[in-house]
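1. Next one to model:
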Amino acid sequence: MDRIKERLLSVISHRVRRYLGNIKGILNIIDDSEIKQNTFEEMKGALKESVESLEEAIRNMEDELKDKIET
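-> Alright, predicted model coming up:
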């Protein structure tokens, strides 16, 4: 069980925080600047990509944890 905890902490630290950092950075840029519409659309695309990557990382974590718990 300790290995599962270590793995979970590692995954959270590396996978999830990276995408959250991307999302927060994009939102900060949007909040802190008067951006033009085309720049906003570009930022929105990057934000969507980060959200999708975060969702995939969470799904992968769930699958990995299920495998560890079931064995």
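
2. Mind jotting down where the helices sit in the chain?
-> 2-11, 17-32, 37-70 (DSSP state H).

3. Columns mean neighbour count on top of these, output as JSON lines?
-> Any C-beta I mention is one placed from the backbone N, CA and C, and that applies to glycine too. Formatted as JSON lines, the helices of the chain follow (neighbours: other CB atoms under 10 Å):
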{"stretch": "helix 2-11", "mean neighbour count": "11"}
{"stretch": "helix 17-32", "mean neighbour count": "14"}
{"stretch": "helix 37-70", "mean neighbour count": "13"}
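
4. what's the least confident stretch among those?
-> For those, mean pLDDT drops lowest on helix 2-11, to a mean of 75.

5. just checking, what packs against that helix?
-> In terms of contacts (3 or more CB pairs under 8 Å, 6 or more residues apart in numbering; DSSP states H and E), helix 2-11 is packed against helix 37-70.

6. mind checking how far the helix it packs on is from the chain centre?
-> Distance of helix 37-70 from the chain centroid (CA atoms, centre = their mean, to the nearest Å) equals 5 Å.

7. Could you list every helix and strand in contact with that helix?
-> Counting contacts by 3+ CB pairs under 8 Å, 6+ apart, helix 37-70 packs against helix 2-11, helix 17-32.

8. now Gly21: how far from Ile30?
-> To Ile30, Gly21 is 15 Å away according to CB to CB, to the nearest Å.

9. Over to Ile12?
-> To Ile30, Ile12 is 26 Å away according to CB to CB.

10. Met43 now?
-> Met43 sits 6 Å away from Ile30, going by CB to CB.

11. still on that earlier bit, would JSON lines of the helices and strands packed on helix 37-70 with distance to Asn38 be doable?
-> Below are those laid out as JSON lines (distance: least, CB to CB, whole Å):
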{"stretch": "helix 2-11", "distance to Asn38": "36"}
{"stretch": "helix 17-32", "distance to Asn38": "13"}
